[in-house]
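Enquirer: Show me the folded form of this:
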Amino acid sequence: MTAETILAADEPRIDLFDGPRQELRTLFEEAEDSAAQLDGYIKEGRVLVARVGTEIAGHLQVVDTGRPGEAELKNMAVHPRYQRLGIGRALIDALVNLLAAERVTTLLVATATAGIDNLRFYQRCGFRLRSIERDAFTAATGYPPGILIDGIELRDRVWLDRELPTL
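Expert: Numbering: from 1, shown residues only. Model (predicted):
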């Protein structure tokens, strides 16, 4: 059975994850190239998961930035089997609804400038470019040298934001 067939029969269900984060580590690692960085934040914030049947198809983690009215989407991944089927968009939509109900007005996300697919995805979800952080992915910050994404060296991080609706 293909992922498309599964989705046609069973739309993804999005809910808060309340289990041990270690169960999701493989998904977290899809979006984080530094084990040291991931170890530093995996237990923070809240995690939403998308379930297709009994399988976790994707997740996202949101953390507080410490600034009023602002949250950060810290880590997000969809299992490769379920990519390009709307799971990521469903996770973002669920997060936006959750945060808007909590009176959060701005959602931030950061991704590698080399991650062209991620940049396209976030912009399609209503995020706009905010700033570039040069040399964010170095050995000093826990990233091994020589990582390539789509043939582009992992070096700089781009920050995007999305204004959330007020409810």
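
Enquirer: quick one: Arg117 from Arg162, how far?
Expert: For residue 117 the amino acid is Asp, not Arg. If you measure Asp117 against Arg162 using C-beta to C-beta, to the nearest Å, the figure is 18 Å. (Each C-beta comes from the backbone N, C-alpha and C, glycine too.)

Enquirer: neighbour-wise, which of the two wins?
Expert: Between Asp117 and Arg162, counted using other C-beta atoms under 10 Å, the more crowded position is Arg162 (21 against 12).

Enquirer: Ramachandran coordinates for that one?
Expert: Backbone torsions for Arg162, taken as degrees, to the nearest 10, come to phi -140, psi 130.

Enquirer: cool, and Glu72?
Expert: Note on Glu72: its backbone torsions stand at phi -120, psi 130 [degrees, to the nearest 10].

Enquirer: Show me the shaky parts of this structure.
Expert: Within the chain, the stretches falling below the threshold (pLDDT under 70) are 1-10.

Enquirer: now the strands: where do they sit in the protein?
Expert: Secondary structure of the chain by DSSP state E: the strands cover 13-16, 46-52, 55-64, 70-78, 106-112, 128-133, 148-149, 152-153, 157-163.

Enquirer: Comparing these, which comes out most buried?
Expert: The highest average neighbour count among these, using mean count of other C-beta atoms under 10 Å, belongs to strand 70-78 at a mean of 23.

Enquirer: who's in contact with that strand?
Expert: 27-28, 30-32, 38, 41-42, 44-45, 50, 57-65, 87-88, 91-92, 95, 99, 104-110 (C-beta atoms under 8 Å, 6 or more residues apart in numbering).

Enquirer: Right, I'll call it a day here.
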